[in-house]
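Colleague: Predicted structure and sequence below. I'll ask about it afterward.
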Amino acid sequence: MISAEEALEKVLSYVDILEEEPVPILDSPGQVLAEDIASSINIPPLDNAAMDGYAVQSRDTATASSESPVLLRVIDTVIAGAISEHEVKPGTAIRIMTGAPVPEGADSVVRFEDTDEDRRKSSAEPPMSEIGISGKAKTGLNIRRAGEDITRDSIVLKKGTVIRPAEVGVMASLGMSKVTVIRRPVVAILATGNELVEINQPLPAGKIYNSNTYSVAALVRRYGGVPKILGIALDSEDSLVNKLRQGLDADMLITTGGVSAGDYDMVKNVLAREGKISFWTVRMKPGKPLAFGTIKGVDKTGAARNIPHLGLPGNPVSSMVTFELLARPAILKMMGKKNLTKPTVAAVVEESITNSDGRRVYTRAIVETRGDQYFARLTGPQGSGILTSMSLANGLVIVPEDRAEIKAGEVAKVIMLDWNEESSN
Ligand code: AMP
Ligand code: MG
């Protein structure tokens, strides 16, 4: 039996970063930039007003105070999106709105509050021909400088950046509608088991609904991949091979079930027949029966290609946990991501957890913070068929191989599956 680390290393050694493709910027969050992005423009493009007010020459305001305002002649008004054709000369001002380019000659913007505009408005005769400035304006006051956000010809976003909403906004501010990213991997998913019935169908006695396909597909999507659902194979090698053939154009194949003692040989035989086995059984719980290898396929050009195949255990909890530990990092690597690990925290375990057979145990837990300390309590019964335990959990407490027990009150490492924003706990 190999360790969880060795298993992950093996899986990762069989997957490579995928090709680049252009996508609309709004489809790109979560994907990795495949190119440096340089700006051909300054942002903002021109010096512009940060406040509504009056564009002036600061020299003119040197003696201004509320007791003795400096009077300036108003020669124009400029709104955002327009450019004034006038120049601010000594003794003059141009009324200006936030975002409007600063007119020639002006070196500062005095906000309305520091003028007598309000008083004039209530009494007078628009358009205002004169304005009183009631405070001294320093050069550059309330002016956003051209290029202060992005300077022309600079690299704004680096190749390898994971795109988030902020990067989408930055790209839009450069006028980009498409961006070149590492493409999303297609992950083919096949459930196995004579007992399985497709959702939406009546449930005959003795059968259960196929839930693994959907939990696994949802995980694939959550981590950025594109699930390709192959349906259900019966517990026979022929049925498995036939169904798997429909997934040979995928970047990765995932099967669930058919790896435990009862039907132990099925996935293994298929891997041996149609490809190559890399490992079988991992020193972890859940996940002891787990198969990994490659299946022979062809690429778009017809050339031979080995497709990584992960045979996850059939138990609904086991398939999800082993997906998190082995399939998720593979998907992230294919997408060009560098950080392949889930965040972990050190939490005080609130009840003791035992480890009977020297495997690494991943226990479903609810992690909470009290004060500045994390606490983890178990979700209840830990049977690997109890899928609602995954629904309750936001973390997996790790019990190392060499520990027979973690006692209540001890601190343990916990893999966080979700943070509060995504979980109801
Ligand atoms: P197996 O690994 O095929 O022996 O399956 C282990 C357990 O998981 C059995 O109780 C199966 O009924 C259950 N199981 C296997 N595949 C699925 C599935 N796709 N959806 C729900 N339960 C499953
Ligand atoms: Mg089965």
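Modeller: On my side now, so go ahead. Ligands and ions are numbered 1, 2, ... in the order given.

Colleague: Tell me which residues of stretch 217-228 come out buried.
Modeller: Ala217, Leu219, Val220, Tyr223, Gly224, Gly225, Val226, Pro227, Lys228 (16 or more other Cβ atoms under 10 Å). Yep, even glycine has a C-beta here, placed from its N, CA and C like the rest.

Colleague: Out of these, which sit inside strands?
Modeller: The strands, defined by DSSP state E, take in Val226, Pro227, Lys228 from the buried residues of stretch 217-228.

Colleague: and which of the buried residues of stretch 217-228 is nearest to Glu368?
Modeller: Leu219 (23.7 Å; Cβ to Cβ).

Colleague: Roughly how far does the residue nearest to the closest one when sequence neighbours are not counted sit from ligand 2?
Modeller: Sequence neighbours aside, Phe323 is the residue nearest to Leu219 in space, at 5.2 Å (criterion: Cβ to Cβ, 6 or more residues apart in numbering). Distance, Phe323 to ligand 2, using Cβ to the ion, to the nearest Å: 17 Å.

Colleague: just Thr281 next, same as before
Modeller: 16 Å.

Colleague: how close does that residue get to Pro313?
Modeller: Relative to Pro313, Thr281 is positioned 10 Å away (Cβ to Cβ, to the nearest Å).

Colleague: Residues that sit against both of the two, list them.
Modeller: Common neighbours of Thr281 and Pro313, using Cβ atoms under 8 Å, 6 or more residues apart in numbering, are Lys288, Pro289, Leu290.

Colleague: For the second one, give me its contacts.
Modeller: Contact partners of Pro289, counting by Cβ under 8 Å, 6+ apart, are Val259, Ser260, Ala261, Tyr264, Trp280, Thr281, Pro313.

Colleague: how about the third one, what does it touch?
Modeller: Under the criterion of Cβ under 8 Å, 6+ apart, the contact list for Ala261 reads Pro289.

Colleague: and it, what helix or strand is that in?
Modeller: Using DSSP states H and E, Ala261 falls within no helix or strand.

Colleague: Contact partners for the residue in the stretch 251-400 of the chain that ligand 2 sits nearest to?
Modeller: The stretch 251-400 of the chain approaches ligand 2 most closely through Gly257 (3.7 Å), counting by Cβ to the ion. Contact analysis of Gly257 by Cβ under 8 Å, 6+ apart lists Ala191, Thr192, Gly193, Asn212, Asp263, Leu312, Pro313, Gly314, Ser319.

Colleague: Name the nearest residue to the closest residue to ligand 1 within the chain, sequence neighbours excluded.
Modeller: Residue nearest to ligand 1 within the chain: Gly314 (2.4 Å; Cβ to the nearest ligand atom). Distances taken as Cβ to Cβ, 6+ apart place Gly257 nearest to Gly314, at 2.9 Å, with adjacent residues excluded.

Colleague: Ala188 now?
Modeller: Here the residue nearest Ala188, using Cβ to Cβ, 6+ apart, is Gly247, at 2.9 Å.

Colleague: before we move on, what about Ser28?
Modeller: Excluding the flanking residues, the one nearest Ser28 by Cβ to Cβ, 6+ apart is Ile163, at 4.6 Å.

Colleague: contacting residues for the one you found?
Modeller: By Cβ under 8 Å, 6+ apart, Ile163 lies in contact with Ser28, Pro29, Gly30, Gln31, Val32, Leu33, Val179, Val181.

Colleague: The second one is in contact with Met171, isn't it?
Modeller: No - taking contact to mean Cβ atoms under 8 Å, the distance of 10.9 Å between Pro29 and Met171 leaves them out of contact.

Colleague: Which of these two has more residues huddled nearby?
Modeller: More crowded of Pro29 and Met171, by other Cβ atoms under 10 Å: Met171, with 21 against 15.

Colleague: mind listing which of the contacts of Pro289 are in strands?
Modeller: Per DSSP E, the contacts of Pro289 map to strands at Trp280.

Colleague: So for the contacts of Pro289, which is the shakiest by pLDDT?
Modeller: Lowest model confidence among the contacts of Pro289 falls on Tyr264, which carries 61.

Colleague: Over to the residue of the chain most remote from its centre: give its phi and psi.
Modeller: Taking Cα atoms, centre = their mean, the residue of the chain most remote from its mean C-alpha position is Ser68, at 57.0 Å. As for Ser68, its main-chain torsions (degrees, to the nearest 10) stand at phi -130, psi 80.

Colleague: Now do it, the pLDDT please.
Modeller: 94.

Colleague: now do the one 4 residues further on
Modeller: In this prediction, Leu72 carries a pLDDT score of 97.

Colleague: With Ser319 instead?
Modeller: According to the prediction, Ser319 has pLDDT 97.

Colleague: Helix, strand, or coil at Gly160?
Modeller: coil (DSSP: H, G, I helix; E, B strand; the rest coil).

Colleague: ok, it - contacts?
Modeller: Contacts of Gly160 by Cβ under 8 Å, 6+ apart are Val32, Leu33, Gly336, Lys338.

Colleague: What's the local residue count around the residue nearest to Gly287 when sequence neighbours are not counted?
Modeller: Leaving out its chain neighbours, the residue that sits closest to Gly287 by Cβ to Cβ, 6+ apart is Thr322, at 4.3 Å. The burial count assigned to Thr322 is 29, neighbours taken as other Cβ under 10 Å.

Colleague: Quickly note the distance from Thr322 to Ile41.
Modeller: 49 Å.

Colleague: cool, Asp118 as well?
Modeller: Asp118 is 37 Å from Ile41, by Cβ to Cβ.

Colleague: Indicate whether the strand or helix carrying Val187 makes contact with ligand 2.
Modeller: In this assignment (DSSP H and E), Val187 forms part of strand 186-192. No - applying Cβ under 5 Å from the ion, one finds strand 186-192 separated from ligand 2 by no less than 5.6 Å.

Colleague: Any idea how far apart the tips of stretch 146-155 sit?
Modeller: Length of stretch 146-155, first residue to last, Cα to Cα, to the nearest Å: 17 Å.
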